[in-house]
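>>> Coordinates only, no sequence provided:
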């Protein structure tokens, strides 16, 4: 059984065939999915999916690209949702210096507010990082984020940074890029990070694994991520599936 820890089934790319996508996931042995909401519309849709499907959970937060749009009312709403039994994490949150919609100082302020909220409500956090590794690590340390821990989502950094994040009580989550032929960093991370600190995800509809790269991603493809990790570590796919599922359930508090 596989646990897709980061999916965007609340994206418009699934408007026409969501049930078929979910059926394919179940047929491939996907036991649980966390759907991530990162603004008002996607959070609302994520919550709707948790009500409809017992194996779908939600993570709710505010994306750094849209940090400039977040209000105190939005933060209060996220806090209210955090007590919902199907909300298992806060995020995705973090920093994104690739897109320039939100100034860096505002991104950092919104990131810090969400970490503090997570500590208040005692939920793990899901970290989005694009071109901002040094500032992410610094803020996580300054805010004591290790108190709640969480996930370095779709990790693309070095093995050294991955080890630093593990030391801060974070799991390293690998997605489609670990299957790409020339993706040296994710493969090295898969090799050196202990299995008990790894998670798998799709980040669907994005970052589709080989051999479907270039097409829309979906949760059923998380199996390909597990297969690649198993090959790198010299383990069976079943061992990787069981361990990463147990890791996810432990982190998210799912029995």
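Thanks, I have the structure now. Worth saying up front: this structure is predicted, and the values here are computed from it rather than measured.
>>> How about the residue nearest to residue 125 when sequence neighbours are not counted: which residues does it bridge to?
Among residues not flanking residue 125 along the chain, residue 150 sits closest, at 3.8 Å (CB to CB, 6 or more residues apart in numbering). All C-beta spots, glycine's among them, are computed from the backbone N, C-alpha and C. Beta bridges link residue 150 to residue 125, residue 170, judged by DSSP bridges.
>>> isn't residue 150 right up against residue 251?
Yes. At 7.5 Å, residue 150 and residue 251 qualify as touching, with contact defined as CB atoms under 8 Å.
>>> Which one's more surrounded, these two?
Between residue 150 and residue 251, residue 150 has the larger neighbour count (other CB atoms under 10 Å), namely 28 against 20.
>>> Which residues are in contact with that one?
Applying CB atoms under 8 Å, 6 or more residues apart in numbering to residue 150 gives the contacts 89, 91, 118, 124-127, 169-171, 251.
>>> how about a cut-off of 7 Å?
89, 124-127, 170 (CB atoms under 7 Å, 6 or more residues apart in numbering).
>>> measure the residue nearest to residue 125 to residue 138 for me?
16 Å (CB to CB, to the nearest Å).
>>> what's in contact with the longest strand along the chain?
If you go by DSSP state E, the chain has its longest strand at strand 87-96. Here strand 87-96 makes contact (CB under 7 Å, 6+ apart) with 34, 36, 38, 57-65, 78, 81-82, 107-108, 111, 114, 117-118, 123-130, 132, 135-136, 150, 153, 252-254.
>>> next SSE after that strand?
helix 104-121 (DSSP states H and E).
>>> That next one: which residues count as buried?
107-108, 110-111, 113-115, 117-119, 121 (16 or more other CB atoms under 10 Å).
>>> what distance separates the host helix or strand of residue 129 from the middle of the whole chain?
Taking DSSP H and E as the criterion, residue 129 maps to strand 125-130. Averaging C-alpha positions (CA atoms, centre = their mean, to the nearest Å) puts strand 125-130 7 Å from its chain's average.
>>> and it, what other elements does it pack with?
strand 87-96, strand 150-152 (3 or more CB pairs under 7 Å, 6 or more residues apart in numbering; DSSP states H and E).
>>> avg pLDDT for that strand?
Mean pLDDT, strand 125-130: 98.
>>> contact partners of that strand?
The contact list for strand 125-130 (CB under 7 Å, 6+ apart) reads 6, 36, 59, 61, 63-64, 89-98, 115, 118, 136, 145, 148, 150-153.
>>> Quick check: buried residues in stretch 39-58?
39, 42-43, 45-47, 49-50, 53, 56-58.
>>> quick one: which two of these are the most distant?
39 and 53 (21.4 Å; CB to CB).
>>> re the thing from before, between the contacts of residue 150, identify the one with the most neighbours.
Result: residue 126 is most packed of these (other CB under 10 Å), 30 neighbours.
>>> Quick check: the nearest residue in space to it that is not next to it in sequence vs residue 119, distance?
The shortest distance from residue 126 to any non-neighbouring residue, by CB to CB, 6+ apart, is to residue 91 (3.0 Å). Here the criterion is CB to CB. By it, residue 91 lies 13 Å from residue 119.
>>> Likewise for residue 56?
Distance from residue 56 to residue 119, by CB to CB: 26 Å.
>>> next one: residue 30
Residue 30 sits 31 Å away from residue 119, going by CB to CB.
>>> any idea how far residue 143 is from residue 81?
According to CB to CB, residue 143 stands 21 Å off from residue 81.
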